[in-house]
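below: sequence and its predicted model.
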Amino acid sequence: MAMASLARRRAGTLLSSSSRKYSSILSRRGFASGSDDNDVVVIGGGPGGYVAAIKAAQLGLKTTCIEKRGTLGGTCLNVGCIPSKALLHSSHLYHEAKHSFANHGVKFASVEVDLPAMMGQKDKAVGNLTKGIEGLFKKNKVNYVKGYGKFVSPSEVSVDTIDGGNTTVKGKHIIIATGSDVKSLPGITIDEERIVSSTGALTLKEIPQKLVVIGAGYIGLEMGSVWGRLGSEVTVVEFAADIVPSMDGEVRKQFQRGLEKQKMKFMLKTKVVSVDTTGKGVKLTLEPAAGGKQTTLEADVVLVSAGRVPFTAGLELEKIGVETDKGGRILVNERFASNVPGVYAIGDVIPGPMLAHKAEEDGVACVEYIAGKVGHVDYDMVPGVCYTHPEVASVGKTEEQAKALGVEYRVGKFPFMANSRAKAIDDAEGVVKIIAEKESDRILGVHIMAPNAGELIHEAVLAMQYGASSEDVARMCHAHPTMSEAVKEAAMATYDKPIHI
Ligand SMILES: Cc1cc2nc3c(=O)[nH]c(=O)nc-3n(C[C@H](O)[C@H](O)[C@H](O)COP(=O)(O)OP(=O)(O)OC[C@H]3O[C@@H](n4cnc5c(N)ncnc54)[C@H](O)[C@@H]3O)c2cc1C
Ligand SMILES: NC(=O)c1ccc[n+]([C@@H]2O[C@H](COP(=O)([O-])OP(=O)(O)OC[C@H]3O[C@@H](n4cnc5c(N)ncnc54)[C@H](O)[C@@H]3O)[C@@H](O)[C@H]2O)c1
């Protein structure tokens, strides 16, 4: 099925490869040619919105992007993926310098954290990248309006501009790419100082002595790792029985053990009943998820990371009748079209994984459809990466999902303890696990825990997208010595036997 979709997509590209033929298609469809109206208006300049806007312009469509925050890049670049990865890297360097460099014969008299400098490095990375997108808008002739957009009609958006003015932007096709916001918990008020969301956790002025994290998902474990490495005592309170419930169970167990070795504490099957901020610190009252005896926990800072919710506040969707589900996500068809003709939605604001790369794929496919081409996003092939150390990356089915589907499958595993590169660099915690259908040997899922799992996973994505078997991967020559050889060995272990263990 995956191959068929790729072929369809290629056919779409080939069909419209001549720009002359293409512009005649556009004029037949009534796209703008010189008038003030846009072909495409994108509301939201995050990874979904800005990528959609650039791609639309590249396809020859007159495009405007409206963004309220004053900088482009959305949650991801401003307060998400990028600043968190900057702090994860800086805190990892500190942790390595303190705990591992001596093993490699590199010694310091002392190592200290300069938190303002660390934050400065993060802010520099964010600033450069967000300005870079403005440059890409100019290069691709995307019109950029800074302000808060709301629907007047399905083809008109009124914008309260950030300089205090108002303007109306018209377009034949309007794409909603307004992203998501922090999910708040009842009775817990986020003040971004003592009770913080991920945004506050990215800008703490001091290293908290005690940090309590509510929710053992991606944000909780990444930001918990940052502050834990810098010296905070981190306790993660999770409602479910497991951390990152969506992860493959076996890999997750190993992951949790690794985080515990880094001194992260977990209170699973536990809920926070209330938080009290009247004293100097924060006092949390906890209770077993199933009910029972209450306990208390003290913290200097509490991070609320219990998920995110779609953001559509102030858009006035009700005025034009756009349908949403119970959780507020905009309902779209496979072409990203809502129930209102000419209005589309992409990224975190629609159902599906809340990930930047998925939002980008949505954006490209959506404008390809608008331009009369064929777009495609295969949500089963969207990789997920938790950027802790080691990283944990996965694509496709977990073993639990394969079991639930009733598929007969084989599992092949290879630990990094037996990988020569991992041993050479003394960073050998982790495993590659491959799940393949028994009869066809077709790969169903790959789960990798390794220092650079977020890079390694793409071999698996490519293999799965092309419908590869584990034997296909095992028979590919992998350079030595590389961490990638563990993927080859796990593939060998899936269809036959590995060599190095
Ligand atoms: C701390 C953190 C770390 C993350 N790390 C990762 C990661 O490593 N990898 C990953 O894949 N994902 C990560 N994510 C998730 C990722 O940020 C989102 O999936 C992604 O940003 C979604 O893109 P989007 O374009 O749909 O929405 P957003 O990025 O949320 O962008 C929406 C934009 O729309 C604007 N907007 C909203 N309403 C209006 C309006 N009415 N008018 C004008 N503008 C409006 C907003 O200001 C915002 O800039 C992380 C998220 C967080 C919070
Ligand atoms: N590396 C990445 O790709 C990355 C990094 C950060 C964020 N993100 C995205 O951002 C989104 C939000 O991240 P997140 O970590 O907030 O959400 P999440 O959905 O990943 O995890 C939330 C966790 O909180 C738990 N939870 C929910 N309510 C709770 C409660 N009342 N008490 C205790 N635990 C509770 C859930 O069981 C879950 O384990 C995710 O969808 C994720 O895809 C991705």
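Sure thing, it's come through. Ligands and ions are numbered 1, 2, ... in the order given.

up against ligand 2, what does the stretch 351-500 of the chain have?
353-355, 384-387 (Cβ under 6 Å from any ligand atom). The way it works is simple: take the backbone N, C-alpha and C, and place the C-beta from them, glycine included.

let's go with 8 Å and repeat that
If contacts are counted using Cβ under 8 Å from any ligand atom, the residues of the stretch 351-500 of the chain sitting beside ligand 2 are 353-356, 384-387.

show the buried residues in the residues you listed.
354-356, 384-387 (16 or more other Cβ atoms under 10 Å).

go ahead and confirm Lys85 touches Cys386.
No - applying Cβ atoms under 8 Å as the test, Lys85 and Cys386 come out as separate, 11.5 Å apart.

what's the spacing between the residue nearest to Pro351 when sequence neighbours are not counted and Ile346?
The spatial neighbour of Pro351 that comes closest, neighbours along the chain excluded (Cβ to Cβ, 6 or more residues apart in numbering), is Arg329 at 5.0 Å. Taken as Cβ to Cβ, to the nearest Å, the spacing of Arg329 relative to Ile346 amounts to 12 Å.

compare those two (neighbour count), which wins?
Set Arg329 next to Ile346 and count neighbours by other Cβ atoms under 10 Å: Ile346 wins out with 34 against 19.

tell me the phi and psi of that one?
As for Ile346, its main-chain torsions (degrees, to the nearest 10) stand at phi -150, psi 160.

show the contacting residues for the nearest residue to it once chain neighbours are set aside.
Distances taken as Cβ to Cβ, 6+ apart place Asp362 nearest to Ile346, at 3.7 Å, with adjacent residues excluded. Residues in contact with Asp362, defined by Cβ atoms under 8 Å, 6 or more residues apart in numbering, are 48, 52, 336, 346-347, 350, 352, 377.

among those, which ones lie close to ligand 1?
Residues shared between the contacts of Asp362 and the neighbourhood of ligand 1 are 48, 346-347 [Cβ under 8 Å from any ligand atom].

need these in a markdown table (columns: pLDDT and distance to Glu368).
Below are the ones next to ligand 1 among the contacts of Asp362 laid out as a markdown table (pLDDT from 0 to 100; distance: Cβ to Cβ, whole Å):
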| residue | pLDDT | distance to Glu368 |
| --- | --- | --- |
| Gly48 | 98 | 14 |
| Ile346 | 98 | 12 |
| Gly347 | 98 | 16 |
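
out of these, which comes closest to Glu238?
Among the ones next to ligand 1 among the contacts of Asp362, Gly347 lies closest to Glu238 (Cβ to Cβ), at 26.4 Å.

any idea how far Ser180 is from that closest one?
Shown here: Gly347 relative to Ser180, a distance of 8 Å by Cβ to Cβ.

biggest helix in the chain, by residue count?
Secondary structure assigned by DSSP state H gives helix 115-140 as the longest helix of the chain.

list the buried residues in that one.
Using 16+ other Cβ under 10 Å as the burial criterion, the residues of helix 115-140 that qualify are 118-119, 122, 125-126, 129-130, 133-134, 136-137.

could I get the contacting residues of the residue nearest to the spatial centre of the chain?
Here the mean C-alpha position of the chain is nearest to the C-alpha of Leu355 (Cα atoms, centre = their mean), at a distance of 3.0 Å. Taking Cβ under 8 Å, 6+ apart as the definition of contact, the neighbours of Leu355 are 382, 384.

name the SS class of the residue nearest to Ile346, please.
Here Asp362 takes the helix state, with states given by DSSP: H, G, I helix; E, B strand; the rest coil.

likewise Thr64?
The three-state label for Thr64, taken from three-state DSSP, comes out as strand.

contact partners for it?
Counted by Cβ under 8 Å, 6+ apart, Thr64 has contacts 38, 40-42, 53, 142-145, 169, 171.

what's the most distant pair in the buried residues of helix 115-140?
In those, two members sit farther apart than any others by Cβ to Cβ. They are Met118 and Phe137, at 30.1 Å.

which of the residues of the stretch 351-500 of the chain next to ligand 2 fall in helices?
Taking DSSP H, the ones among those that sit in helices are Ala356.

ok, so of the residues of the stretch 351-500 of the chain next to ligand 2, who is nearest Ile66?
After measuring these against Ile66 - Cβ to Cβ - the closest member comes out as Ala356, at 19.4 Å.

thinking that closest one is in contact with Ile82, fair?
No - taking contacts as Cβ under 8 Å, Ala356 lies outside contact range of Ile82: 9.2 Å.

what do these two both touch?
When contacts are counted by Cβ under 8 Å, 6+ apart, Ala356 and Ile82 are jointly contacted by Cys76.

excluding sequence neighbours, find me the nearest residue to Ala450.
Across the structure, with Cβ to Cβ, 6+ apart as the measure, the residue nearest Ala450 apart from its sequence neighbours is Gly430 (4.1 Å).

pull up the per-residue confidence for the one you found.
Predicted confidence (pLDDT) for Gly430: 98.

how about the one 4 residues further on?
The confidence metric pLDDT takes the value 98 at Ile434.
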